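Participant: sequence? don't have it. structure:
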């Protein structure tokens, strides 16, 4: 396929999981810190489902990115920097989603501080990967 098509597909496919991951972490923080118990549970539920949707949508971004880079898993320059951050972010996001899916009935409805720290780190890694992805397009 044409590289321009893959670039457009990757650009479109990445924004949905990134935005949902950010929404998930924001609502999980609200669910952790909010004083009202009812609202905490509602915020945590939004965080949970946003994370699941982000994880479910992310393979499209990964596959289109691999097609765009012609299977290069690391590369050099901005592509390497993008991959240094995107692979850990992708793995953490999938891991967090699987963990929350598996323990959602056994764990407290409210996520813990350790989870929030790891999820926040995941967002930072994802945003940094996005910065380097943009540098590949705009920084030339």
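Facilitator: All right, it came through fine. These figures come from a predicted structure and were not determined experimentally.
Participant: Tell me the backbone dihedrals of the residue of the chain most remote from its centre, please.
Facilitator: Using C-alpha atoms, centre = their mean, the residue of the chain lying farthest from its centre is residue 36. It sits 27.7 Å away. The phi and psi values for residue 36, taken as degrees, to the nearest 10, are phi -90, psi 120.
Participant: Please apply the same query to residue 133.
Facilitator: The phi/psi pair for residue 133 (degrees, to the nearest 10) is phi -60, psi -40.
Participant: where do the strands sit along the protein?
Facilitator: For the chain, no strands are identified by DSSP state E.
Participant: which secondary structure elements does the least confident helix or strand in the chain by mean pLDDT contact?
Facilitator: Within the chain, judged by mean pLDDT, DSSP states H and E, the helix or strand with the poorest mean is helix 3-33; its value is a mean of 89. Judged by 3 or more C-beta pairs under 8 Å, 6 or more residues apart in numbering; DSSP states H and E, helix 3-33 is in contact with helix 37-68, helix 113-138. For the C-beta atoms, the positions are set from N, CA and C on the backbone; glycine is no exception.
Participant: Distance from that helix to the middle of the chain?
Facilitator: 6 Å (C-alpha atoms, centre = their mean, to the nearest Å).
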